[in-house]
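Colleague: Everything below, folded, please.
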Amino acid sequence: MRTGPEQLHLQFGADAASQVAVSWAAHEAVARPKLRFSELGCRSQNEVLATERGYTDALTGQTCYTYHVRLESLDPDTRYAYEVLHDGAPPAQGTFRTGPRGRSGPFRFTSFGDQGIPEPVGLGRGPNSQNARYVVDAVESLEPLFHLANGDLAYGNISDQPVATWESYFRNISRSARYRPWMPALGNHENEGGNGPHGFLAYLTRFELPGNGSAEFAGYWYAFTVGSAMVISLSNDDVCLQDGGFSEYRCDHVPGYDARGIDPYLSGYSGGRQRAWLERVLARARACGDIDWIIVCMHQVAMSSAHFNGADLGIRREWLPLFDAYGVDLVMAGHEHHYERTFPVRGTLPGSPLLGPAPQGSEREEMDTTKGTVHVTAGGGGHPATEPSSLRHGPGEGLVITAVGAGDPWRQRRSVLAAEPAVWSAYQGEAGRFGFAACDVAPSEPGGTTSITVTYYEAEADCRDYRPRDTFVLRKPLSFATGTSRELTRTAGH
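Modeller: As a prediction, the model looks like this:
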């Protein structure tokens, strides 16, 4: 008997109320991969053949096989049961719930970045911790509609066994991801030099994500509507200055690294196409009368007071003016392995050479996002690293990457760092802790408002007990624009 389907996980399509993708993997090419599904409790089943997608890893030469089914025309806010199978093997099963339509009902989502895997793989080069395991159970205990994975998922690019690292990651998260979509953003450690033109082929092969109108950059960035929210996932390496994807191990061990012209430094790789897409999607979202919230999921941060990587001036130059112009409400990020949140920010501080974001108000517990964008850094998914940056900025200061030094495909470009007053910071978590954010969306409240209540759950190292550590509320008036989210869904992929 063949081994059965494994690493089962879900993703939403562009319209979470009607579109879900089911993905899985196998250790070899299989015959007649397919999915059967029905509304929960219904005996009659529909059957859909799967699409096979694979790649050969540049470092190890291993070939990976993944399978994907896109489901369309599902009913909103409805539970479904499904199973995936292929010839000669037992099936794998799961359930999911589609999203609500417009303001028809509340929903919850969770978010964290920088997870890693539970146990060492190969030489143990990649980050691993028990919290990478425990956080999955903590998320699943809250039964969110979906989860946002804010980049740096498996850390395959620094592992000597990247395929096994990805397999460990998906086996771990499948306890949750087979029941609810895990929607990712590209992080710098998804950049596996030699795997595709920008190193992202392992990631792109394993996920089935909404389109963005580009065949060349399919899966790099995307958007989906869920209830009264538009969620946008960005690829920040495109605009960042930092050389975050460099891997000394891959540089030394990928066959033909020199001859193939591999360069893990990606700044500017889309030639402005991601920015143009982002502006189109933001403009259309703000024209929709049933879209109240614009939420961005991305990896590297625009503000940070952590003693770690630092914020990136490239993000401030490229993304923040668009966030200001179109009223992005909430940004969920990772990269810094701690928890921090800001006041609503809009514009820049007068005379700031680092384009320091200007806080709009000083209220920490309830914030009006019509005044600015709230940024949340939730990078405590499981990476245990706590090493400080080379610049020890003081209390009340943030750290910004302003440039990079000399480098090439064989020498990492080191970040040039500067400190700034962290007047935008509303709350900082304790160093060395792990955690995730849970966001409860109330689509309509008495008095014509809508809100998102964000609760950050935190645990100590090697502890499975995640407890609420911080809570705050975003509240704003309902939108009165004239378009509809269905019109936006039809155009977001272009």
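Colleague: Residue 93 - how many residues pack around it?
Modeller: For residue 93, the neighbour count with other C-beta atoms under 10 Å is 14. C-beta: built from backbone N, CA, C; applies to glycine.
Colleague: is it true that it lies in a helix?
Modeller: No: Residue 93 is assigned strand when assessed by DSSP: H, G, I helix; E, B strand; the rest coil, not a helix.
Colleague: residue contacts, it?
Modeller: Taking C-beta atoms under 8 Å, 6 or more residues apart in numbering, we find residue 93 in contact with 81, 82, 83, 84, 178.
Colleague: Narrow those to those in helices?
Modeller: With helices taken from DSSP state H, there is no overlap with the contacts of residue 93.
Colleague: For residue 444, state which of these is nearest.
Modeller: Nearest to residue 444 among the contacts of residue 93, counting by C-beta to C-beta, is residue 81 at 30.3 Å.
Colleague: got a pLDDT number for that closest one?
Modeller: pLDDT, residue 81: 98.
Colleague: surely it meets residue 97?
Modeller: No: using C-beta atoms under 8 Å, residue 81 makes no contact with residue 97, being 10.8 Å away.
Colleague: Which of these two has more residues huddled nearby?
Modeller: Set residue 81 next to residue 97 and count neighbours by other C-beta under 10 Å: residue 97 wins out with 21 against 16.
Colleague: Could I get the full set of helices for the stretch 101-250 of the chain?
Modeller: 130-141, 162-177, 201-206, 248-253 (DSSP state H, counting those that start in this stretch).
Colleague: Then the stretch 301-450 of the chain?
Modeller: In the stretch 301-450 of the chain, the helices defined using DSSP H, counting those that start in this stretch lie at 313-318, 320-326.
Colleague: Return the most buried member of those.
Modeller: Mean neighbour count (mean count of other C-beta atoms under 10 Å) peaks for helix 313-318 among the helices of the stretch 301-450 of the chain, with a mean of 20.
Colleague: helices and strands around it, which ones?
Modeller: strand 397-404 (3 or more C-beta pairs under 8 Å, 6 or more residues apart in numbering; DSSP states H and E).
Colleague: Touching the strand it packs on from outside, list them.
Modeller: Under C-beta under 8 Å, 6+ apart, the answer for strand 397-404 is 240-243, 303-307, 309-314, 354, 356, 389, 391, 393, 413-422, 424-425.
Colleague: what does stretch 259-277 give?
Modeller: Applying C-beta under 8 Å, 6+ apart, the contact partners of stretch 259-277 are 157, 191, 193-194, 198-199, 212-214, 217, 220-221, 234-235, 237-241, 243, 245-247, 250, 254, 314, 318, 322, 407-409, 413.
Colleague: Please apply the same query to stretch 422-430.
Modeller: So stretch 422-430 is in contact with 303, 305, 338-343, 345, 349, 356-359, 364, 375, 380, 396-398, 435, 456, 458, 469-470, 472, going by C-beta under 8 Å, 6+ apart.
Colleague: shouldn't residue 240 be in contact with residue 315?
Modeller: Yes: assessed by C-beta under 8 Å, residue 240 is found in contact with residue 315 at 6.4 Å.
Colleague: intersection of neighbour lists for these two?
Modeller: residue 300.
Colleague: Are we agreed that residue 452 is in a helix?
Modeller: No: counting by three-state DSSP, residue 452 is not part of a helix but strand.
Colleague: helix or strand for the residue nearest to it when sequence neighbours are not counted, which one?
Modeller: Leaving aside its sequence neighbours, residue 452 sits nearest to residue 474 (C-beta to C-beta, 6 or more residues apart in numbering; 4.5 Å). Assigned by DSSP states H and E, residue 474 falls within strand 467-477.
Colleague: Next, the buried residues of that strand.
Modeller: The neighbour-count check on strand 467-477 (16 or more other C-beta atoms under 10 Å) flags 469, 470, 472, 474, 475, 476 as buried.
Colleague: And for stretch 153-163?
Modeller: 153, 154, 155, 156, 157, 158, 159, 160, 161, 162, 163.
Colleague: check contacts around residue 229.
Modeller: Contacts of residue 229 by C-beta under 8 Å, 6+ apart are 291, 292, 293, 294, 295, 441.
Colleague: Just the buried subset of the residues you listed, please.
Modeller: Buried members of the contacts of residue 229, counted by 16+ other C-beta under 10 Å: 291, 292, 293, 294, 295, 441.
Colleague: Torsion angles phi and psi at the second one?
Modeller: Phi and psi for residue 292, reported as degrees, to the nearest 10, are phi -100, psi -30.
Colleague: Settle this for me: it is touching residue 230, isn't it.
Modeller: No: the criterion here is C-beta under 8 Å, and residue 292 misses it with residue 230 at 9.3 Å.
Colleague: quick one: least confident helix or strand in this protein?
Modeller: Lowest on mean pLDDT, DSSP states H and E among the helices and strands of the chain sits helix 485-491, with a mean of 59.
Colleague: any idea how far residue 455 is from residue 142?
Modeller: In this view, residue 455 and residue 142 are 9 Å apart by C-beta to C-beta, to the nearest Å.
Colleague: can you list residues touching both of these two?
Modeller: With C-beta under 8 Å, 6+ apart, residue 455 and residue 142 have common neighbours residue 438.
Colleague: what about residue 299, neighbour count?
Modeller: Look at residue 299: counted by other C-beta under 10 Å, it has 30 neighbours.
Colleague: How confident was the prediction at it?
Modeller: Reported pLDDT for residue 299: 98.
Colleague: what sits against it?
Modeller: Per C-beta under 8 Å, 6+ apart, neighbours of residue 299: 113, 150-152, 185-188, 236-237, 333-335.
Colleague: tell me the secondary structure for it?
Modeller: Here residue 299 is recorded as coil under three-state DSSP.
Colleague: circling back to that earlier point, the residue nearest to residue 452: what's it in contact with?
Modeller: Counting by C-beta under 8 Å, 6+ apart, the residues that residue 474 touches are 329, 330, 366, 367, 368, 369, 374, 451, 452, 453, 454.
Colleague: which of the residues you listed count as buried?
Modeller: Here, 16+ other C-beta under 10 Å leaves 329, 330, 367, 368, 369, 374, 451, 452, 453, 454 buried among these.
Colleague: Disregarding residues adjacent in the polypeptide, which is nearest to residue 127?
Modeller: Setting aside the residues directly before and after it, residue 127 is nearest to residue 116 in space (C-beta to C-beta, 6+ apart), at 3.8 Å.
Colleague: wait, the one you found sits on residue 381?
Modeller: Yes: contact status for residue 116 versus residue 381: in contact at 7.4 Å, counting by C-beta under 8 Å.
Colleague: Compare those two and say which is more crowded by neighbours.
Modeller: For residue 116 versus residue 381, the count of surrounding residues by other C-beta under 10 Å is larger for residue 381: 28 against 25.
Colleague: From residue 339, how far off is that one?
Modeller: Going from residue 381 to residue 339 by C-beta to C-beta gives 11 Å.
Colleague: and residue 395, how many neighbours does it have?
Modeller: Considering only other C-beta under 10 Å, residue 395 is surrounded by 6 other residues.
Colleague: same deal with residue 358?
Modeller: Other residues close to residue 358 by other C-beta under 10 Å number 18.
Colleague: Now for it: which residues touch it?
Modeller: Counting by C-beta under 8 Å, 6+ apart, residue 358 has contacts 345, 346, 347, 348, 349, 424.
Colleague: Could you turn the buried ones of those into a PyMOL selection?
Modeller: Paste this into PyMOL to select the buried members of the contacts of residue 358, with burial taken from 16+ other C-beta under 10 Å:
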select buried, resi 345+346+348+349+424
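Colleague: Fine by me, we can end here.
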